[in-house]
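Peer 1: give me the fold of what follows.
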Amino acid sequence: MDFSAIEARGLVLLGCGKMGSALLAGWLREGLSPKAVHVVDPHPSDWLKGTGVAVNDPLPAAPAVVLVAVKPQMMGAALPQLQALGGGATLFVSIAAGTTIASFEATLGAATPLVRAMPNTPAAIGRGITAIVGNATATPADLDLAEGLLSAVGQVVRLEAEAQIDAVTAVSGSGPAYVFLLIEALAAAAEAEGLAPGLAMKLAKATVGGAGQLAEDAGDSPAQLRINVTSPGGTTAAALAVLMDAETGFGPLLLRAVKAAADRGRELGK
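Peer 2: This is a model prediction of the structure:
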């Protein structure tokens, strides 16, 4: 990414927890000058203090970007201190879950270009996926800039409307927890079949991690990959007969789970 415009005007990072730190590390790794970054965080980590970025110092008058990475419950106290930067000169990018575009516009003004983003926790290892959507003021160039910054921690996709955020949250935002539960359950099932706990967990982690990588890298669809593993009348077919039951199987269970997460997201956004 070309950081020249950001380095000329500066970037403000509001909040530097796990996700903010992952983004900052990615930017610095890709060549962004630490001198261009101004972090606002009440409890800066030792790692942050050692990066060379400005921490809790006076902010530039019109930075190129403000990236909001505070927890939603801290937004009410944190955002007003940046109110003076609203109005159009600065692009705001929010990765705060549950905080709507309308909420930001109420504080910053509707003339403020804003991109709302929903990342997920694999961003911590550069394997995240983030969905973005802009407000009416955000230009294609603003979306390109936001995508470039968020690409530092993984893939980026664009949504057609903010209403899709709840579905994204239920799938990719909350989704890592579903996969971690799958690993737990697979390891527990392996133990029930007589394997030692350590071996069971190692097999479960490597199987889920490897299958996920194969699904991303292979040219075949996940359905075809499943078929490739399944010999008629074999062991995999016996397991899939349980997992693919039309009423009690994995598909309808996950459908209900994702709907519950999306419904909860809609409730929290009201």
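Peer 1: contacting residues for residue 67?
Peer 2: 11-14, 20, 23, 92-95, 149 (C-beta atoms under 8 Å, 6 or more residues apart in numbering). Every residue, glycine included, has its C-beta placed from N, CA and C.
Peer 1: now do residue 244
Peer 2: 250-251.
Peer 1: can you list contacts of the lengthiest strand in the chain?
Peer 2: Assignment by DSSP state E gives strand 128-134 as the longest strand of the chain. Strand 128-134 is contacted by residues 22, 95, 101, 113-123, 142-143, 146-147, 150, 153-162, 164-165, 168, 172 when judged by C-beta under 8 Å, 6+ apart.
Peer 1: try it again with 7 Å
Peer 2: The contact list for strand 128-134 (C-beta atoms under 7 Å, 6 or more residues apart in numbering) reads 114-120, 122, 142-143, 146-147, 150, 153-159, 161-162, 165, 168, 172.
Peer 1: if you count neighbours, what's buried in that strand?
Peer 2: 128-134 (16 or more other C-beta atoms under 10 Å).
Peer 1: can you check stretch 64-71 too?
Peer 2: For stretch 64-71, a neighbour-count test (16+ other C-beta under 10 Å) marks 64-70 as buried.
Peer 1: do the same with stretch 228-243
Peer 2: Per 16+ other C-beta under 10 Å, stretch 228-243 contains these buried residues: residue 240.
Peer 1: quick one: end-to-end length of it, please.
Peer 2: 17 Å (C-alpha to C-alpha, to the nearest Å).
Peer 1: run the chain-centre distance for it.
Peer 2: 34 Å (C-alpha atoms, centre = their mean, to the nearest Å).
Peer 1: from the buried residues of strand 128-134, which single one is nearest residue 211?
Peer 2: Residue 211 lies nearest to residue 129 out of these, by C-beta to C-beta, at 17.1 Å.
Peer 1: could you chop this protein up by domain?
Peer 2: 4-165, 175-268 (automatic domain parsing).
Peer 1: which of these sits most buried?
Peer 2: The highest mean neighbour count among the domains of the chain, using mean count of other C-beta atoms under 10 Å, belongs to domain 4-165: a mean of 18.
Peer 1: please report phi then psi for the residue nearest to residue 109 when sequence neighbours are not counted.
Peer 2: Using C-beta to C-beta, 6 or more residues apart in numbering and skipping residues adjacent in sequence, the residue nearest residue 109 is residue 86, 4.7 Å away. With angles defined as degrees, to the nearest 10, residue 86 sits at phi -80, psi 170.
Peer 1: contact partners for residue 86?
Peer 2: Residue 86 neighbours (C-beta under 7 Å, 6+ apart): 108-109, 112.
Peer 1: which SS class is residue 66?
Peer 2: strand (DSSP: H, G, I helix; E, B strand; the rest coil).
Peer 1: my read: residue 1 touches residue 32, true?
Peer 2: No: look at residue 1 against residue 32 with C-beta atoms under 7 Å: they stay out of range, at 8.2 Å.
Peer 1: export the domains of the chain as JSON lines, with columns for mean pLDDT.
Peer 2: Below are the domains of the chain laid out as JSON lines (pLDDT from 0 to 100):
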{"stretch": "domain 4-165", "mean pLDDT": "94"}
{"stretch": "domain 175-268", "mean pLDDT": "96"}
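Peer 1: picking up where we left off before, give me the subset of the contacts of strand 128-134 lying in helices.
Peer 2: Members of the contacts of strand 128-134 lying in helices (criterion: DSSP state H): 142-143, 146-147, 150, 165, 168.
Peer 1: take these and lay them out in a markdown table including distance to residue 216.
Peer 2: As requested, the ones in helices among the contacts of strand 128-134 are exported to a markdown table (distance: C-beta to C-beta, whole Å):
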| residue | distance to residue 216 |
| --- | --- |
| 142 | 29 |
| 143 | 24 |
| 146 | 23 |
| 147 | 19 |
| 150 | 18 |
| 165 | 23 |
| 168 | 18 |
